[in-house]
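Engineer: The sequence and its predicted three-dimensional model are supplied below.
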Amino acid sequence: MNQYLTEKQVRVLTTIRDFFLENGYAPSLSELQLMLSINTKRGVVNHLESLEKKGYIIRTSEPRGIKLVEEEEYEYMIGIPILGYANAGQPLAIAEEDRLGLLHVDKSLLSHKSNLFALIVTGDSMNQRNIEGKPMSDGSYIIVSKDSDVTNGDAVVAVLDNSATVKSYKKSDDMIILYPESDNPKHQPIYLDQFSNSLINGKVIKVLERP
């Protein structure tokens, strides 16, 4: 395989890999044209032809017919978008989809494999809470499932005043309580109206150490 790629070819190849990891299939020409801000589909095709000649991809006549040569490596992986930061303290981190990249995670490590996103924890209000034996410490990644049912005692991500926070969840008769699990006594619960479930963005299903 010819290892040399131009800067533009690296960008095209990286875009194809990230799309495949996140979606499980290859991007279309139209999607590549939009993601890469290339004026014409012919321009996209020119890059794909170069990547194919250099041995990085194989093209077929099928729709989305781009195959990564090392695709076997990705059959067992899922790409989880990192959407920003969640404060394990006061909800100060802006809850915007910053797209800080993708986490590449072996599918066998995950109980859920769709509708997932990742956040980076900041703060210590959940440093006594473990998910599968892993503490939710400052700087760690949390994997969040949008589809999982939330019950009392689950760790959740909530969006409050346009900011993301991670806390443990309890629903009583007339309110929702988001409470810390920390060795730092300064952290206090957050009390929400009983109809505030729409503020819950998802359930934390896994914690990953951030090297």
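Structural biologist: Structure received.
Engineer: Show me the longest strand that occurs in this protein.
Structural biologist: In the chain, with assignment by DSSP state E, the single longest strand is strand 77-87.
Engineer: Only alpha carbons, please: show that strand as PDB.
Structural biologist: As requested, the backbone C-alpha atoms of strand 77-87 are provided in PDB (Å, rounded to 0.1, in the frame of the first residue of the first chain):
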ATOM      1  CA  MET A  77     -16.200  -1.100  16.800                       C
ATOM      2  CA  ILE A  78     -18.700   1.700  17.300                       C
ATOM      3  CA  GLY A  79     -18.000   5.400  17.000                       C
ATOM      4  CA  ILE A  80     -19.600   7.400  19.700                       C
ATOM      5  CA  PRO A  81     -19.600  11.200  19.300                       C
ATOM      6  CA  ILE A  82     -18.200  13.300  22.100                       C
ATOM      7  CA  LEU A  83     -20.600  16.200  22.400                       C
ATOM      8  CA  GLY A  84     -18.900  18.200  25.000                       C
ATOM      9  CA  TYR A  85     -18.600  18.400  28.800                       C
ATOM     10  CA  ALA A  86     -21.000  17.600  31.700                       C
ATOM     11  CA  ASN A  87     -20.300  19.200  35.000                       C
END
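Engineer: Tell me how far that strand lies from the chain's centre.
Structural biologist: 3 Å (CA atoms, centre = their mean, to the nearest Å).
Engineer: cool, and stretch 201-211?
Structural biologist: The chain centroid and the centroid of stretch 201-211 are separated by 10 Å under CA atoms, centre = their mean.
Engineer: Stretch 179-189 now?
Structural biologist: Shown here is stretch 179-189, whose average C-alpha point lies 26 Å from the average C-alpha point of the whole chain (CA atoms, centre = their mean).
Engineer: Stretch 133-142 too?
Structural biologist: Computed by CA atoms, centre = their mean, the chain-centroid distance of stretch 133-142 equals 15 Å.
Engineer: what element comes up after the helix or strand encompassing Val12 heading to the C-terminus?
Structural biologist: If you go by DSSP states H and E, Val12 is part of helix 7-23. Once the chain leaves helix 7-23, the next helix or strand it forms, by DSSP H and E, is helix 29-36.
Engineer: Contacts for that next one next, please.
Structural biologist: Contact with helix 29-36 is made by 11-12, 15-16, 19, 27, 38, 40-41, 43-45, 47, as judged by CB atoms under 8 Å, 6 or more residues apart in numbering. C-beta: built from backbone N, CA, C; applies to glycine.
Engineer: buried set for the helix or strand following that helix?
Structural biologist: The C-terminal neighbour of helix 29-36 among helices and strands, as given by DSSP H and E, is helix 41-53. When burial is assessed from 16 or more other CB atoms under 10 Å, helix 41-53 yields the following buried residues: 44, 47-48, 50-51.
Engineer: which regions of this structure sit below the pLDDT cut-off?
Structural biologist: For the chain, the stretches with pLDDT under 70 are 1-3, 70-75, 88-100.
Engineer: Got the phi and psi for Tyr25?
Structural biologist: phi -150, psi 170 (degrees, to the nearest 10).
Engineer: I figured it was touching Pro63, is that so?
Structural biologist: No. Between Tyr25 and Pro63 there is no contact, the gap being 9.5 Å when judged by CB atoms under 8 Å.
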